[in-house]
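Undergrad: Output the structure for:
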Amino acid sequence: MKSFFKSTGLVAENLEEFKKEIETKLQEDLENLIKNKSKVSVLDSIREANVFEVPVQ
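TA: Below is the predicted model:
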């Protein structure tokens, strides 16, 4: 089973540690997704509120 754990890129000695590592990784991924979605939302709002023409030469 350890070879399977290693093949996933997670460090675990047993099934409980593996589950904990997966839970931690999923939580980190969720937090990053929420943070990125918030950034995109803020940047979209700024862009929509500040429309301007780009001069053509």
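
Undergrad: what about F18, which helix or strand?
TA: Element membership for F18, per DSSP states H and E: helix 15-49.

Undergrad: model confidence over that helix, on average?
TA: The average pLDDT for helix 15-49 rounds to 96.

Undergrad: Can you list the buried residues in it?
TA: When neighbours are counted by 16 or more other CB atoms under 10 Å, the buried residues of helix 15-49 are found to be 18, 21. In this view, the C-beta of every residue, glycine as well, is placed from N, C-alpha and C.

Undergrad: Which strands or helices does that helix pack on?
TA: For helix 15-49, not one helix or strand is in contact under the criterion 3 or more CB pairs under 8 Å, 6 or more residues apart in numbering; DSSP states H and E.

Undergrad: now that helix, how far from the centre of its chain.
TA: Taking the mean of its C-alpha atoms, helix 15-49 sits 4 Å from the chain's own mean (CA atoms, centre = their mean, to the nearest Å).

Undergrad: Show me the residue at the heart of the chain, geometrically.
TA: With distances taken as CA atoms, centre = their mean, the chain has N32 as the residue nearest its mean C-alpha position (3.5 Å).

Undergrad: No more questions from me, cheers.
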